[in-house]
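[1] Fold the following, please.
(one chain, ligands or ions: 1)
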Amino acid sequence: MRRKLNRYHPIQMRNSRHKLEILFDRSVSFYILDELRKHPAVEEGGKYIGYIFEPGNPSLQKFEVNSRDPAIVITDFLPGGPKAVRTAVEFMPDGEYQDALFRRAEELDPAIEHLGTWHSHHANGLQTLSPGDVEGYFRTVNKAHYRPDLFLASLVKHIPINPESPDWIDHFLFVRGADEYYLATGHIRVIDWPTIFGIQTGHSQQHRRVVTSSSATNAAEVLRERPSSVWYETEEGRSALAEDRRFFREQFDSNVIATRRDSQITLTGQTAYKAISVTYPRNPGDKEIAISVQQHGVAILHIHCELSYRKISFTAALAAAQYQLAVDCSSSSSIKLPSTSRANHSSSSSSAVGG
Ligand SMILES: [Zn+2]
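    Numbering: from 1, shown residues only. A predicted model of the protein is given here:
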């Protein structure tokens, strides 16, 4: 009986044996409030999407997270959708719509994960998750086809006047196999990691409201309405990004991330000591890309080149990174290449450096 009662009351995250860094892009709370304003009298919600990182992943170095713990970064969410059921006491998302959006997001970045959900009780004043909410989240995190071992559930208690006031939303962590769940509200860190899925979700600054769940009647229509006003959404952009991501993964294993600044995508592959990043065109029709090689955080090479000749520049960038690495290796033996990189490229890298 006691166990049953505890099941509906969260334990403080700091008392949990599960350690996790939870990072949110700064804009996510504004996007949540945008959705709530569309449906002020009923419950609303969305599916969080983002990334999972192993402890010590170099992509997170600049955020000064604890390198002993895994981390999640939530960059966006899939809106509830046009056929969601919304009442003052219930929210049921439009699953077909969210699945279609998620597949689009996955095409753009296969590393994307569904990491949880948020919903609101602002219309009924309930300040906690309902027993039904809690049971549902326990079920979801333990499903075989749900990939991650954790699920973050956020609850909007009321619509704040100031979105930066901390008390309007609570966050709860559910962990696969655990019989309890955790209050993570004080554990959240806000960072800048803008979504690259803004055209799909309707959440990027300049594409805000181009695609909204209320302006379209079904998933197919939403996808048809998608404009290709930015390079990375064009056919050329999508195939170049997919191709380069495969290439980077061969070099850097899973340490490859895509970030967006305004409407430009940058793909970065890195180890603890070196990074190569490629910044792609902004507008459809633009052809120039910029490549930068960094060593210990210092840029050692910049290359500008035509998109169609980028492979030549990648070779130069890799040679520069390897050269620098060879110099470092002579003074230190602690540097390690990712295993696939070593296996696949040892012969080409040694010949590049040997001359
Ligand atoms: Zn609820």
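
[2] How about the residues of the chain by the ion?
    130, 133 (C-beta under 5 Å from the ion). For the C-beta atoms, the positions are set from N, CA and C on the backbone; glycine is no exception.

[3] need the helix or strand of the chain with the lowest average pLDDT.
    The helix or strand of the chain with the lowest confidence, counting by mean pLDDT, DSSP states H and E, is helix 339-354 at a mean of 37.

[4] does the one residue in the stretch 101-250 of the chain that gets nearest to the ion count as helix, strand or coil?
    Residue of the stretch 101-250 of the chain nearest the ion, by C-beta to the ion: Asp133 (4.2 Å). When classified by DSSP: H, G, I helix; E, B strand; the rest coil, Asp133 comes out as helix.

[5] dump the residue contacts of it.
    Going by C-beta atoms under 8 Å, 6 or more residues apart in numbering, Asp133 touches 119, 153, 155.

[6] try Ile32
    46, 77, 118, 156, 169 are the contacts of Ile32 under C-beta under 8 Å, 6+ apart.

[7] in the sheet, who's paired with the third one?
    In other words, Trp118. Residues in a beta bridge with Trp118, per DSSP bridges, are Gly46, Ser154.

[8] low pLDDT regions in the stretch 51-200 of the chain?
    Under the criterion pLDDT under 70, no range of the stretch 51-200 of the chain is flagged.

[9] these two touch, right, Tyr31 and Phe77?
    Yes: using C-beta atoms under 8 Å, Tyr31 is in contact with Phe77, at 6.9 Å.

[10] So for those two, which sits in the more crowded spot?
    Phe77 (28 against 21; other C-beta atoms under 10 Å).

[11] Return the distance of that one relative to the ion.
    Look at Phe77 and the ion: by C-beta to the ion, to the nearest Å, they are 16 Å apart.

[12] got the contact list for the residue nearest to that residue when sequence neighbours are not counted?
    Excluding the flanking residues, the one nearest Phe77 by C-beta to C-beta, 6 or more residues apart in numbering is Gly46, at 3.6 Å. Listed by C-beta under 8 Å, 6+ apart, the contact set of Gly46 reads 32, 35, 77-80, 93, 117-119.

[13] how close does Gly46 get to the ion?
    Gly46 is 13 Å from the ion, by C-beta to the ion.

[14] Please report how far that residue lies from Pro131.
    Distance, Gly46 to Pro131, by C-beta to C-beta, to the nearest Å: 22 Å.

[15] Next: Thr268.
    Between Thr268 and Pro131 the distance, using C-beta to C-beta, works out to 44 Å.

[16] again with Thr87
    18 Å.

[17] Now the spatially closest residue to Asp109 that is not a sequence neighbour: which helix or strand?
    Spatial nearest neighbour of Asp109, chain neighbours left out: Ala258 (5.3 Å); criterion: C-beta to C-beta, 6+ apart. If you go by DSSP states H and E, Ala258 is part of strand 256-261.

[18] Spell out which strands sit alongside that strand in the sheet and which way each one runs.
    strand 264-270 (antiparallel).

[19] Convert the strand it pairs with to PDB, retaining C-alpha atoms only.
    Extracted in PDB, the C-alpha atoms of strand 264-270 (Å, rounded to 0.1, in the frame of the first residue of the first chain):
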ATOM      1  CA  GLN A 264      22.300  28.200 -41.500                       C
ATOM      2  CA  ILE A 265      23.300  24.700 -40.400                       C
ATOM      3  CA  THR A 266      26.700  23.900 -39.100                       C
ATOM      4  CA  LEU A 267      27.800  20.200 -38.900                       C
ATOM      5  CA  THR A 268      30.600  19.600 -36.400                       C
ATOM      6  CA  GLY A 269      32.600  16.500 -35.800                       C
ATOM      7  CA  GLN A 270      34.900  16.500 -32.800                       C
END
